[in-house]
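Peer 1: I would like to see how this sequence folds:
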Amino acid sequence: MLATLLTIAACKDSPTEPPDQNVAVVAITTPQTIMVVGASVTLTATAFDADGQKINNAAVTWRSLAPAVATVSPSGVVTGVSTGQATIEAEASGRVGSVTLTVDPDPCTNPIALSAGQVRMLSGPDAVACIKLAATSGSSDFLFITANAELVQDNTGFYTVLLSGSAADIAAAARAMVFDPQAYLQQQAIQQVDDAEANVRSQEVSLFRRVRPAVRDAARRESEAAMAISAAIANEGDTVTIRVPDLNASNLCTTGYKEIRAVVKKTTTHSTIVQDVAAPVPGFTSTDFTEIGNEFESLIYPTDTIYFGKETDRNADGRVTILYTPEVNRATPSGSTGFVAGFFWGGDLVKKTEYDELGISCPQTNEQEIFYMLVPDPSGTINSNPRSVATVKQNTRGTIAHEFQHMINQGRRLLNPVVDSAETTWLNEALSHFAEEIVGRAKRGYSDFQKLTFADVNAPSTQDYDAFFRQNILRYRTWMQRPDTSSPTSNASRNQLAPRGAAWMFLRYAADFHSGGNLKAYLRNIVNGPDIGLRNLLQHSNGAQFDDLLSGWLISQFTDGLPIPNLPARYTMKSWAVRDVMTSSHSSNTFPLLVTPLPNTVETKSISGSGNYFRLIRVGSSPETTFRMMAPGGSMVGFQGARVYVVRIN
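Peer 2: Residues are numbered from 1 along each chain as shown. Alright, predicted model coming up:
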């Protein structure tokens, strides 16, 4: 993954390479946006055509618009000269990309003096090795966040944090983490769901690469023919045959499925709701099917399609199929604390003829958009796991809201001729968890950026909270408890709670401050790509660099809800009262974020995209103090993405 700032600029009069290369965009990649005087950083410029395709060997000319602050060499090496800001430009074929870098004084020779609400950011091994705090005349409270802003996914940086120099009396250490057995069981239950979904998503990514040429050719031919003849439209009472994938199979296309018969129980404008003839009884009533169809039609369908885009329609019936089948119940082993409520499988969006054209065997495909859902089983006839009607009906709501984003995302990327890959797991899951929140907001009548408290999402009934909010909050709690062990941009989001929860809130932060106030367009643009992962997110975040997102998100997760005077607005979430929600949703009524009190010598690590929190509270005036982020052996840290964010609380 690359952190890339895309700037489409007006044409200049002096092109630097032949016009037949058709440069449309110049993207500058920078490992950091803040540096200290005397330090250097290497920038990279990449040219793209109008379709987003990379142009190799494009000639690039570099220049600094403020050479007194920072100079740039012909190869893109920037050197800090004096304090201030410098805009660096890269030009190719008359197109210009730019990035603004901040040059700060060396914090080791120029001690930092902050007033309450001020923030200082230090970037790179040199800057974080020696950070001196100026002497204070009264009591003081500082937050230090050590972070890893490496652009490579799952890069782990190991380091030691230490504080040197005498200090005034230190305030009492923070409370120990409280273990909540009920929350632990809830987290374990959700983990089982994530484990099951991981197999489906990973097989989709592999399948995408192989089938996209045939699918796009077929889609183009269908479009040209205007699809004059649509598929047979199912009616209530019809019996249909569906091939259900086995969640645990290593190949869902070939041996990992079972053919079942199902009866159409309810149809709406955009859904066909069917139930396996082998479903246990008693189960859903006709009233239940009607209520499920009505909520999909009036809430989930319009919300997800407005925010993420319209789904494909591979069988031309104009509907999404929702199948309730005991085959989903079988995916949960006997005695499990959690259960799989349902899933979507992208292999169903590819037709048999398209598989055949590529020589791929996939007899499983149903050639349509379909959700596979759990059925009620009050007596526990399947794997001795009782599932009440109320439980299954309730879990249908959030599951479909989540899986529908996956369906939309996979379909739109599959048919888009300029997209080369399925979305990365972490961003795909972040979008789907965002879908749960957005549908919940729509159900409760909350606007896109309305700041929600726990009381807002938990009242007047807990049913909406359980369906659309609770699981995101529980996942995020696991990241807060150990931010050193996971990251929002980690590939571990395939099957781990913490990175999924962090990815949801990281994307939520990006939307709060970098969507231009238009959440619907922002999310639709991300779904459409054409890039993937972090680069995709940054290309649609109005010029934000990874440093901007990471620092703002990490700081705001601590400072949100605290009465810190003069704190810049970007360190307070717009959409969530984080401290209130994460405190009030826990039985102990304590804020779960792990913050280590200083002074302490701590050996720890940060995965790229995450960080650790340290707090120094001093009673009375204090002399100059030095904070260091070093390699475990005492030398400078070995990763360029090393960051320290210093915030004065009071």
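Peer 1: who touches residue 413 in this structure?
Peer 2: Listed by C-beta atoms under 8 Å, 6 or more residues apart in numbering, the contact partners of residue 413 are 208, 419, 421, 422, 423, 527, 528, 529. The way it works is simple: take the backbone N, C-alpha and C, and place the C-beta from them, glycine included.
Peer 1: how near is the closest residue to the last one other than its chain neighbours to residue 513?
Peer 2: Leaving out its chain neighbours, the residue that sits closest to residue 529 by C-beta to C-beta, 6 or more residues apart in numbering is residue 419, at 5.0 Å. Taking C-beta to C-beta, to the nearest Å as the measure, residue 419 falls 27 Å from residue 513.
Peer 1: same check, this time on residue 392
Peer 2: Residue 392 sits 39 Å away from residue 513, going by C-beta to C-beta.
Peer 1: Show me which of those two is the more surrounded one.
Peer 2: Legend: neighbour count by other C-beta atoms under 10 Å for residue 392 and residue 513, higher for residue 392 (26 against 21).
Peer 1: So the more buried one is in contact with residue 376, correct?
Peer 2: Yes: between residue 392 and residue 376 a contact is recorded at 4.7 Å, counting by C-beta atoms under 8 Å.
Peer 1: quick one: low-confidence parts of this protein?
Peer 2: Low-confidence regions of the chain, defined by pLDDT under 70, span residues 1-21, 165-196, 216, 218-231.
Peer 1: what residues go with each domain of it?
Peer 2: Structural domains of the chain, as assigned by automatic domain parsing, span the residue ranges 5-104, 178-422.
Peer 1: Go through the ones you listed and name the closest to residue 627.
Peer 2: The closest of the domains of the chain to residue 627 is domain 5-104. By C-beta to C-beta, the value is 14.9 Å.
Peer 1: and that closest one, how far out from the chain's middle?
Peer 2: Averaging C-alpha positions (C-alpha atoms, centre = their mean, to the nearest Å) puts domain 5-104 28 Å from its chain's average.
Peer 1: still on that earlier bit, TSV for the domains of the chain, including distance to residue 506?
Peer 2: Below are those laid out as TSV (distance: least, C-beta to C-beta, whole Å):
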stretch	distance to residue 506
domain 5-104	18
domain 178-422	16
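Peer 1: could you pull out the strands for the stretch 151-300 of the chain?
Peer 2: Listed in chain order, the strands of the stretch 151-300 of the chain (DSSP state E, counting those that start in this stretch) span 156-164, 169-170, 239-245, 257-267, 271-276.
Peer 1: residues near residue 156, how many?
Peer 2: Look at residue 156: counted by other C-beta under 10 Å, it has 15 neighbours.
Peer 1: what sits opposite it in the beta ladder?
Peer 2: Applying DSSP bridges to residue 156 yields these beta-bridge partners: residue 607.
Peer 1: Next up, the contacts around it.
Peer 2: Residue 156 makes contact with 148, 605, 606, 607, 608 under the criterion C-beta under 8 Å, 6+ apart.
Peer 1: how about JSON lines for the residues you listed, with neighbour count and distance to residue 346 added?
Peer 2: Below are the contacts of residue 156 laid out as JSON lines (neighbours: other C-beta atoms under 10 Å; distance: C-beta to C-beta, whole Å):
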{"residue": "148", "neighbour count": "27", "distance to residue 346": "32"}
{"residue": "605", "neighbour count": "15", "distance to residue 346": "34"}
{"residue": "606", "neighbour count": "28", "distance to residue 346": "33"}
{"residue": "607", "neighbour count": "23", "distance to residue 346": "28"}
{"residue": "608", "neighbour count": "24", "distance to residue 346": "27"}
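Peer 1: Let's have those in CSV, adding distance to residue 333.
Peer 2: Shown next, in CSV, are the contacts of residue 156 (distance: C-beta to C-beta, whole Å):
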residue, distance to residue 333
148, 37
605, 33
606, 35
607, 30
608, 34
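Peer 1: mind listing the helices for the stretch 451-600 of the chain?
Peer 2: Applying DSSP state H, counting those that start in this stretch to the stretch 451-600 of the chain gives helices spanning 454-458, 462-468, 470-481, 497-514, 519-528, 533-539, 546-559, 578-584.
Peer 1: Which among those is found nearest to residue 338?
Peer 2: Taking C-beta to C-beta, helix 470-481 is the member of the helices of the stretch 451-600 of the chain nearest to residue 338, at 10.3 Å.
Peer 1: that older thread, which one of the contacts of residue 156 sits closest to residue 462?
Peer 2: In terms of C-beta to C-beta, no member of the contacts of residue 156 lies closer to residue 462 than residue 607, at 33.8 Å.
Peer 1: measure the closest one to residue 22 for me?
Peer 2: Separation of residue 607 from residue 22 (C-beta to C-beta): 39 Å.
Peer 1: and what of residue 235?
Peer 2: Counting by C-beta to C-beta, the gap from residue 235 to residue 22 is 52 Å.
Peer 1: more neighbours, those two?
Peer 2: Neighbours were tallied for residue 235 and for residue 22 using other C-beta under 10 Å; the higher tally belongs to residue 22 (15 against 9).
Peer 1: tell me the contacts of that one?
Peer 2: So residue 22 contacts 49, 50, 55, 93 (C-beta under 8 Å, 6+ apart).
Peer 1: State the distance from it to residue 48.
Peer 2: Counting by C-beta to C-beta, the separation of residue 22 from residue 48 is 10 Å.
Peer 1: Between these two, which contacts overlap?
Peer 2: In contact with both residue 22 and residue 48: residue 55, using C-beta under 8 Å, 6+ apart.
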